[in-house]
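[1] Just a sequence and a predicted model for now, questions to come.
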Amino acid sequence: MDNRVDYSYINAFISGLIKLNDPLLTEMKEYAESRHIPIVVPETARFIEMICAIAKPRRVLEIGTAIGFSSIIIAKALDSECIIDTVEVDADMASTAAFYIRKAGLDKVIRIINGEALDVLQCLDKPYDLIFLDAAKGQYPQFLPHCLRLINVNGILLSDNVLYGGLVAKHGTVEHKHRTIANRLREYLEELFSADNLITTVVPIGDGIAVSYRKV
């Protein structure tokens, strides 16, 4: 028996309240949809905007650029008064992101690093005020030590898609093709919630976003 509660109608309602008035972001959304490229959903994008408006991070790290949609949202939320490093493994995707970032006039704010996330993370040594994790879900536990090393005290780690269609919270056996990712995301969440230097919660919008505040 599937014991998940279906809140999709709530997400759809919230999403319908959010109007995307920026022509470039609208163009990017249509581009992503036409090519089945995953980008943050409207309710998650608005949540990230709100976190940025409250926390006002000066240095931001994004793991998983795609076409640059969320990088641009973050930069616009901060009035471009920030530095954003964003990591993307796919060279073609990084090229598309660079095109849109230049079009947005944010190429001096957003720096794209093309490479495997784990390799790049090992080379980074300056702390960040905000980290947005939106990359390969099965690698989240491997990303976590680097995120904890790179996040400033009083910084925020946002981890997207942590509920994996509800499968992370599902009772009973998960289909084999989804089991590994579901288990790794469950492990990741358990590590976030058990870390002494973090205060973590999960907001069930989009596909679930974990919010972790670095205490010490």
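    Yep, it's here.
[2] Kindly list the longest helix within this structure.
    helix 176-194 (DSSP state H).
[3] in the helix or strand following that one, what's buried?
    As assigned by DSSP states H and E, the chain's next helix or strand after helix 176-194 is strand 198-203. Residues of strand 198-203 classed as buried: 198, 200, 202 (neighbour count, 16 or more other C-beta atoms under 10 Å). For the C-beta atoms, the positions are set from N, CA and C on the backbone; glycine is no exception.
[4] and residue 107, what helix or strand is that in?
    Residue 107 belongs to no helix or strand, assigned by DSSP H and E.
[5] same for the longest helix of the chain, what does it pack against?
    helix 140-150, strand 151-160, strand 198-203, strand 209-214 (3 or more C-beta pairs under 8 Å, 6 or more residues apart in numbering; DSSP states H and E).
[6] where along this structure do the strands fall?
    Counting by DSSP state E, the chain has strands at residues 59-63, 83-88, 110-114, 128-133, 151-160, 198-203, 209-214.
[7] Nearest to residue 26 among these would be which one?
    strand 110-114 (19.0 Å; C-beta to C-beta).
[8] quick check: angle from that closest one to strand 83-88?
    Interaxial angle of strand 110-114 relative to strand 83-88 (axes from the mean of the first three to the mean of the last three C-alpha atoms, to 10 degrees): 30 degrees.
[9] for strand 110-114, what is the average pLDDT?
    Mean pLDDT, computed over strand 110-114, is 97.
[10] What angle do strand 59-63 and it make with each other?
    40 degrees.
[11] who touches strand 110-114?
    65, 68, 71-72, 75, 83-89, 91, 94, 97-98, 101, 120 (C-beta atoms under 8 Å, 6 or more residues apart in numbering).
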